[in-house]
Structure formats: structure tokens, C-alpha cells
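In: Quick one, what's the 3D model for this:
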Amino acid sequence: MNKTKKKILNTAVILYNEFGIANVRNQDIAERAGMSLSNFNYHFGAKKDLIVAVFDLMFETLQKNVYGNSILVKEGQGLTITKSYFEFQERFCFFYLDTPNILKMFPELNEKVQKQIEESYQIIKNLNYLAIGMGMMKPEPEDNPGSYDQLMRHIWIHNHFWFANSRIINSEDNLVKKGIESLFSLCYPYLTKKGVLSYKQFIKAL
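Out: Residues are numbered from 1 along each chain as shown. So this is what the prediction gives:
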């Protein structure tokens, strides 16, 4: 990717985070990036082209910085991955603040987003079962089969909408750390003493 395209994409993300996709024109991005609209249009002739490119950047960043580290997954480093995910959300918060409307405006993104959600489900599920094997989480209760599949979905919902919820209640105080603390409360009933200690140590080190 050339420098001009990279500058346009980074500027677009900044403005989308400030004002939302629907309220930002390509002309606004060109002005903030310090270039002419004709130069901008040479790289992205339509808003849809720019949006698709921004989301390609998002998914590439997600794979590289969050889900791409297979060693962390194999070692069950769920909290480190979660921290990286919250940091990723900070960079691209516009999407998490307005997910349903964005997918309605740009339905061509649905397939990619659904694929990313399924991947997230699987990673959370794998990390939970690795945590059980490491003695961090209690085994799934025999009298309540499928409860850990529900926990997986609850963790995804919590993590995906954490920044949106924080914005609604006007909380701006270290959202990454607060997100880990909130996730700890959600997972607490499923943790062993070893798991509780590990969570507390991780949070203290943030």
C-alpha cells in the first residue's frame, strides 16, 4: 500500500471515530489529510470503495495484532489476547459504536463480519477449554451441558460491545483495564482459585 492510501485510511479512521461513518464525507477526509479531492478520488472514487478498504485494514490488523499470534492461543493466554482486542477496539471504535447501522449501510461487509465473529467464537471456546486444562477454569458442569457454549457467546457480547456501553455511560477512564475487570466479574463463577489469582495478578500489572 502506498503512502497516500495509507494516509487516507488512517485519516478516515480518525474522523469516523470522532463523528461516525454517516457524518463524514470523503471531502472531509481529503481536507484533514491535506490533499485535493481529485487526488483523493484517484485512490477512492466512491465512499463504498473507501469503506471496504478501511474494513480490510481492520481485519488485517485484527489478524496481525490479536488473533494472529498462535503461540498465545496455544498457551492459553486469553487475557493477553483480550487486552489486545480492547486496544484494537480503541483504534477502530467507530465500528463498535455503530455496528448494526454500518452493516445496513454497507451489506457487502456482512460476510466478512460474520466470518470474523465465527472465528472469535472458536478462539474464545478454545481458550476456555485450554484454561480448564491448565486448572484456571472449572470443568463444565455435567448437569448443565452446553453452558460453556453460552459462556463463550456472553464473553463475545461483552467484549464486542464494551466500548459502546462505556460510551453510553460516559466512562472514559482506562477502558482497556476496566474491560478486563468487567470480564473478570463475568467469568468469576467459572474460575478456580488459581484462575482468580491469575486474573487479579494480570489486572494489577495493567
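
In: Which helix or strand in this protein has the lowest average pLDDT?
Out: Least confident element among the helices and strands of the chain, by mean pLDDT, DSSP states H and E: helix 70-74 (a mean of 52).

In: any idea of the mean pLDDT in the longest helix anywhere in the chain?
Out: Determined from DSSP state H, the single longest helix within the chain is helix 110-133. What helix 110-133 shows for mean pLDDT is 90.

In: right, and the helix or strand after the least confident helix or strand of the chain?
Out: Sequence-wise, the next helix or strand downstream of helix 70-74 (DSSP states H and E) is helix 78-91.

In: same for that next one, what does it pack against?
Out: With contacts taken as 3 or more Cβ pairs under 8 Å, 6 or more residues apart in numbering; DSSP states H and E, helix 78-91 sits against helix 47-62, helix 70-74, helix 110-133, helix 147-160, helix 162-168, helix 175-187, helix 193-205. Heads up, the C-betas are built off the backbone N, CA and C, glycines and all.

In: helices and strands around the fifth one, which ones?
Out: It stands for helix 162-168. Applying 3+ Cβ pairs under 8 Å, 6+ apart, we find helix 162-168 packed against helix 78-91, helix 93-97, helix 175-187.

In: Could you list the buried residues of it?
Out: Under the neighbour-count criterion of 16 or more other Cβ atoms under 10 Å, helix 162-168 has 162-163, 166 buried.

In: Same question for the longest one.
Out: Going by neighbour count (16+ other Cβ under 10 Å), the buried part of helix 110-133 is 113, 116, 120, 123-125, 127-132.

In: Tell me the secondary structure of residue 145, please.
Out: When classified by DSSP: H, G, I helix; E, B strand; the rest coil, residue 145 comes out as coil.

In: Would you mind splitting this protein into its domains for me?
Out: Structural domains annotated on the chain: 1-45, 54-205, as defined by automatic domain parsing.

In: Compare those domains and say which comes out lowest on pLDDT.
Out: If those are sorted by mean pLDDT, domain 54-205 sits at the bottom with a mean of 88.

In: can you give me the end-to-end distance of that one?
Out: 33 Å (Cα to Cα, to the nearest Å).

In: So what's the gap between it and the chain middle?
Out: Counting by Cα atoms, centre = their mean, to the nearest Å, domain 54-205 is centred 7 Å from the centre of its parent chain.

In: Just read off the phi/psi values of residue 34.
Out: Backbone torsions for residue 34, taken as degrees, to the nearest 10, come to phi 70, psi 40.

In: list the contacts for it?
Out: Listed by Cβ atoms under 8 Å, 6 or more residues apart in numbering, residue 34 has no contact partners.

In: just residue 7 next, same as before
Out: Contacts for residue 7 were tallied using Cβ under 8 Å, 6+ apart; they are 33, 35.
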